[in-house]
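Visitor: Sequence isn't available, so here's the structure alone:
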């Protein structure tokens, strides 16, 4: 018994339409990037407080994981507390440089189908 297999016809996409749509998407992603950069400039204090909290949690967890010998662990925690201002400067610079692009790319991936 022969079954007839029908192949649904694929709509022909216009190259101009596709490039126009991709151009629009690229423009919108650039707008999101600009908005995120402005948001970070306005919310600098909030972001720095978040970095503080993450540092407080992260440095203790990292030291507990890497330094098992108890006397060295206490010394490492003391050094970790004292190096917080320097770490905050580097974290802030990294955040401003990388985070808008990372967030914009993540959001774009979330709306792609």
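Guide: Received it, and whenever you're ready, just let me know what you need. The model shown is predicted, which means the values in this text are computed figures rather than measured ones.
Visitor: low-scoring stretches of the protein, by residue?
Guide: Across the chain, residues meeting the criterion (pLDDT under 70) sit at 1-15.
Visitor: and if we set it to 90?
Guide: 1-22, 68, 70, 112-113 (pLDDT under 90).
Visitor: separation between the residue nearest the centre of the chain and residue 42?
Guide: For the chain, the residue nearest the mean C-alpha position is residue 102 (3.6 Å; C-alpha atoms, centre = their mean). Taking C-beta to C-beta, to the nearest Å as the measure, residue 102 falls 19 Å from residue 42. Yep, even glycine has a C-beta here, placed from its N, CA and C like the rest.
Visitor: Skip the chain neighbours and tell me the closest residue to residue 77.
Guide: Sequence neighbours aside, residue 63 is the residue nearest to residue 77 in space, at 5.5 Å (criterion: C-beta to C-beta, 6 or more residues apart in numbering).
Visitor: Helices along the chain, start to end?
Guide: Assignment of helices within the chain using DSSP state H yields the ranges 15-42, 44-66, 70-82, 84-111.
Visitor: list the buried ones in the last one?
Guide: Neighbour-count burial for helix 84-111 flags 91, 95, 100, 104 (criterion: 16 or more other C-beta atoms under 10 Å).
Visitor: these two touch, right, the second one and residue 51?
Guide: Yes. With contacts counted by C-beta atoms under 8 Å, residue 95 reaches residue 51, the gap being 6.9 Å.
Visitor: Identify the residues contacting the residue nearest to residue 77.
Guide: Residue 63 makes contact with 73, 76, 77, 80, according to C-beta atoms under 8 Å, 6 or more residues apart in numbering.
Visitor: Filter those residues down to the buried ones, ChimeraX style.
Guide: Selection of buried members from those for ChimeraX, criterion 16+ other C-beta under 10 Å:
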select :76,80
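Visitor: and of the contacts of residue 63, the nearest to residue 58?
Guide: Nearest to residue 58 out of the contacts of residue 63 is residue 80 (C-beta to C-beta; 9.4 Å).
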